[in-house]
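*Asks:* Here is a sequence with its predicted model. Questions after.
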Amino acid sequence: MYDIKEWQHVFKLDPAKEISDEDLDALCMSNTDAIMIGGTDNVTEDNVIHLMSRVRRYPLPLVLEISNLDTVMPGFDFYFVPKVLNSKDTTYHNGMLHKALKQFGHMINFEEVVLEGYLVLNPDSKVAQLTQAKTNLDIEDVEAYAQMVNEMYKLPMMYIEYSGSYGDVEMVKAVSKMLTNTQLIYGGGISSLEHAQEMKQFADTIIVGNIIYSDIKKALKTVKIKKESNK
Ligand code: 1GP
């Protein structure tokens with residue numbers, strides 16, 4: 001079985017965006033550790049199934065990051081469930097999860113489900129707007145969230161989400177110091193190998209999203225962190 005803790009690099013595909021067979025092949029054969037499917041807007045059952053079936057031809061782990069209950073379906077290796085720590089709306093803390101468990105709790109294989117302590121930090125991102133995230137946080141704020149996740153909730157993962165913009169390295173560094181057990185995931189604005197290397201100094205796993213659609217060559221170069229990293 002796949003060991004998520006070993007993942008250093010993941011490509012995140014947005015089911016609402018088009019990707020050619022050639023680009024998808026390059027991503028899946030790139031030596032990345034996994035493919036994640038997830039997005040905020042226009043994620044539908046149809047586009048998730050379609051993308052899942054295309055990625056499934058490749059022998060690498062496939063994750064669905066759940067953004068709405070209508071698109072949850074069998075066929076993935078893992079289901080990542082964001083719990084948005086700084087959302088002002090309880091839907092994104094445990095409201096959606098509660099609804100899901102009421103409906104599907106009896107048929108879930110919990111070995112495949114991973115709860116992510118999610119911290120949304122780019123105020124202009126769709127996810128920040130949707131979840132009404134309080135993003136004007138300082139270092140002490142994010143350290144407290146990290147401690148909460150690591151020491152109290154004891155979640156397997158914490159995801160620093162700057163979706164669409166490159167984040168503050170000092171924030172990521174501060175979180176990384178607090179996490180002794182929880183795996184640190186960083187995503188947001190990685191558009192070069194240098195960005196990937198910088199964030200990988202502190203994050204266990206980096207997520208590369210948007211650049212796939214604007215510059216596939218740059219996206220593919222970020223996988224090089226795997227050879228150079230000593231984490
Ligand atoms: C988005 O964290 C991921 O959920 C990746 O961010 O799309 O900005 O690379 P980008």
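*Replies:* Arrived safely, thanks for sending. Numbers count the residues shown, from 1 in each chain.

*Asks:* Get me the contact residues on the chain for the ligand.
*Replies:* Proximity of the chain to the ligand, by Cβ under 6 Å from any ligand atom, involves residues 12, 161, 163-164, 187-190, 207-211. In short, each C-beta sits where N, CA and C put it, glycine included.

*Asks:* Tell me which two of these sit farthest apart.
*Replies:* Largest separation among the residues of the chain next to the ligand by Cβ to Cβ: Glu161 and Ile211, giving 15.7 Å.

*Asks:* the more surrounded of the two?
*Replies:* Counted by other Cβ atoms under 10 Å, Glu161 and Ile211 do not tie: Glu161 has more neighbours, with 26 against 21.

*Asks:* how close does that one get to Ala144?
*Replies:* 17 Å (Cβ to Cβ, to the nearest Å).

*Asks:* Most distant residue from the centre of this structure?
*Replies:* His106 (25.9 Å; Cα atoms, centre = their mean).

*Asks:* Report pLDDT for it.
*Replies:* For His106, the pLDDT comes out at 94.

*Asks:* what's the helix or strand for Pro82?
*Replies:* Under the criterion of DSSP states H and E, Pro82 resides in strand 78-84.

*Asks:* And the next helix or strand past that strand?
*Replies:* helix 95-104.

*Asks:* Does anything pack onto the helix or strand just after that following helix? Which helices or strands?
*Replies:* Next in sequence after helix 95-104, counting helices and strands by DSSP H and E, comes strand 113-120. Secondary-structure packing of strand 113-120 (3 or more Cβ pairs under 8 Å, 6 or more residues apart in numbering; DSSP states H and E): strand 78-84, helix 126-131, helix 139-147, strand 157-161.

*Asks:* hey, which of the ones you listed is tucked in deepest?
*Replies:* Highest mean neighbour count among those (mean count of other Cβ atoms under 10 Å): strand 157-161, with a mean of 26.

*Asks:* Where does Tyr58 sit: helix, strand or coil?
*Replies:* Per DSSP: H, G, I helix; E, B strand; the rest coil, the secondary structure class of Tyr58 is coil.
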